[in-house]
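> requesting a structural model of the entry that follows:
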Amino acid sequence: MNRIKAAVIILFLASLITAGCNDRPPGPKIGALAPDFALKDAEGKTWRLSDLKGQVVFINFWATWCPPCLQELPSMQKLYAAMPADQFKMLAVLNNDKMGPALFLAGQKGYTMPILDDSDNMTGSLYRLTGLPETYIVDKDGILRHKFIGPEQWDAAEYMDMIKTYINREAGSGPQ
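Okay, the predicted model is just below:
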């Protein structure tokens, strides 16, 4: 019995020590400023999150090799087409993948949202992705309001209404 107690104590102490050794910064927090990034699209245009203040931003990390990502893309396109372009930006961040297949897919399916290249996973690491797809909603002030892990039906009324609510709020209106 004493050996079991000693083993449990040793494991507990070891977990405390190793927990303090993680030097990775924490991921983005709901209610805090979303981490800024700069990524290029297929035409070479650089998109900076900080340049999009004053607009609601939908950031979706995805890949062509990810079946759940492919499942949600049609509903993302419908959401993108339904929102006012001057107040809403959708950024489809291609993570750990090649642009060629993504652009071919977008052309075949008629997807028109910007596809940004994060093939080196630098932005994905900044956002501490846990898997794909992963989506973030950022308000007009650059504050992260929602994080979704896994595929969603983005053209469903609840998501359309949520985005419209953020679009209709004045920038600088405080917590939501």
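> okay, now the unreliable bits of the chain?
1-26, 173-176 (pLDDT under 70).
> all strands for it, in order.
38-40, 46-48, 56-62, 88-95, 115-118, 134-138, 144-149 (DSSP state E).
> which one is Asp155 nearest to, not counting chain neighbours?
Closest residue to Asp155 apart from its sequence neighbours, by C-beta to C-beta, 6 or more residues apart in numbering: Lys78 at 3.8 Å. Where you see a C-beta, it was placed from the backbone N, CA and C, and this is true even at glycine.
> against His146, how distant is that neighbour?
18 Å (C-beta to C-beta, to the nearest Å).
> what number of residues lie near Arg145?
18 (other C-beta atoms under 10 Å).
> contacts only, for it.
When contacts are counted by C-beta atoms under 8 Å, 6 or more residues apart in numbering, Arg145 touches 30-31, 137-139, 166, 176.
> filter these down to the buried ones.
Among the contacts of Arg145, the ones that count as buried by 16 or more other C-beta atoms under 10 Å are 137-139, 166.
> for stretch 67-87, give me every contacting residue.
In contact with stretch 67-87 (C-beta under 8 Å, 6+ apart) are residues 55-56, 58, 60, 62-64, 88, 90, 92, 105, 109-113, 132-133, 150-156, 159-160, 163-164, 167.
> now those residues: which count as buried?
By 16+ other C-beta under 10 Å, these give 55-56, 58, 60, 62-64, 88, 90, 92, 111, 113, 132-133, 151-152, 154-155, 159, 163-164, 167 as buried.
> how about the nearest residue to Thr130, chain neighbours excluded?
Closest to Thr130 by C-beta to C-beta, 6+ apart is Ile149, at 6.1 Å.
> fine by me, we can end here.
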